[in-house]
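Undergrad: got a sequence here, can you build the structure:
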Amino acid sequence: MQHHFLVSTDGLKLHYIESGPLTAALPIICLPGLTRPAADFDKLAALLGSGQIGKARRVIQIDYRGRGLSDWDEKPENYTLIQEYADMCQVLDHCGVERAIFFGTSRGGLQTMYTASQRPDLIAACVLNDIGPVIESEGLARIKAYVGKFPPVKTWPEIVDLLKIGMSPQFPAVTPEQYETYARLTFVENDSHIIMRYDPALAESLKSFDMSKPIPPAWGLFDLLNSKPMLIIRGSNSDLFTRATAGEMMLRNPNAAFHEVDGQGHAPLLLDDATCERIAHFISALNE
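TA: Numbering: from 1, shown residues only. Next comes the predicted model:
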């Protein structure tokens, strides 16, 4: 696993992780959720890059601007899907990627759908983790309520306890060890302080959403993926992505498969063996 940086066209340092061999097999592009780091995919990347299930593959995990090890943007208005798409394309062009399997968690899945509208030939297949063209207002309101507002914390045990309190209603299946891992992915020590791995100004990107009105569906964007092999993942307790939406997606895309993660909500953490192995088997079965 190697960490790389490049400078965006507007001068920000962008971070991505690359692992696995450079082979003829299609690479995997991993796009995280709104506030999540590229490291969310580390466990999955290790499995896909090792060749334990199917071909060993090159995996590229991208930190959006303002997340993970990428620079924070002084202009919060740049935290948009369109800017993040431009950054992603810069990384992929730099890496020489012309066609790949896209894996998008939540916002990363929206980014995958947007990519299908701009550069459809980039996407050979996709995995959508707890996201679809219909976003439930209840789930978005919950996310809007916490982004950038985590209380001050001083110790790792305190962080783990707070995460358990906030997440356990939706994530009863998560083990103590997985909560420890998730805490280390979500926070980082910086100059003797423990801070979130994302810019709190990301909250600005959610201010325009009116929670009293339904969020317009994006079936038109989703339908651009209908010819692509697809794995749809849903957390059984998700409040953002319903089973009904997943069912409609499968009706529209005859190439779609479905996997539900028991005892997890939005979005499944990708830390359990069963989910990672299901994803690896889906990818290994693709006809390239």
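Undergrad: tell me the contacts of the residue nearest to Asn237 when sequence neighbours are not counted?
TA: Nearest residue to Asn237, sequence neighbours excluded (CB to CB, 6 or more residues apart in numbering): Gly265, at 4.0 Å. C-betas here are computed from N, CA, C, even on glycine. By CB atoms under 8 Å, 6 or more residues apart in numbering, the contact set of Gly265 is 167, 169-171, 235-239.
Undergrad: just these: which are in helices?
TA: By the criterion of DSSP state H, membership of these in helices covers Met167.
Undergrad: the residue lying closest to Arg99 once chain neighbours are set aside: helix or strand, and which one exactly?
TA: Counting by CB to CB, 6+ apart, Ala124 is the residue found nearest to Arg99 once chain neighbours are left out, at 5.2 Å. Using DSSP states H and E, Ala124 sits in strand 123-129.
Undergrad: direction included, what does that strand pair against?
TA: strand 100-105 (parallel), strand 230-235 (parallel) (DSSP bridges).
Undergrad: okay, and Leu162 sits in which element?
TA: helix 156-167.
Undergrad: meant to ask about Ile135, not that
TA: Residue-wise, Ile135 maps onto no helix or strand under DSSP H and E.
Undergrad: pretty sure Ala203 sits in a helix.
TA: Yes: judged by DSSP: H, G, I helix; E, B strand; the rest coil, Ala203 forms part of a helix.
Undergrad: does Ile135 really touch Ile215, like I thought?
TA: Yes: between Ile135 and Ile215 there is a contact under CB atoms under 8 Å: 4.8 Å.
Undergrad: same drill for the two, tell me which one is more crowded.
TA: Ile135 (22 against 14; other CB atoms under 10 Å).
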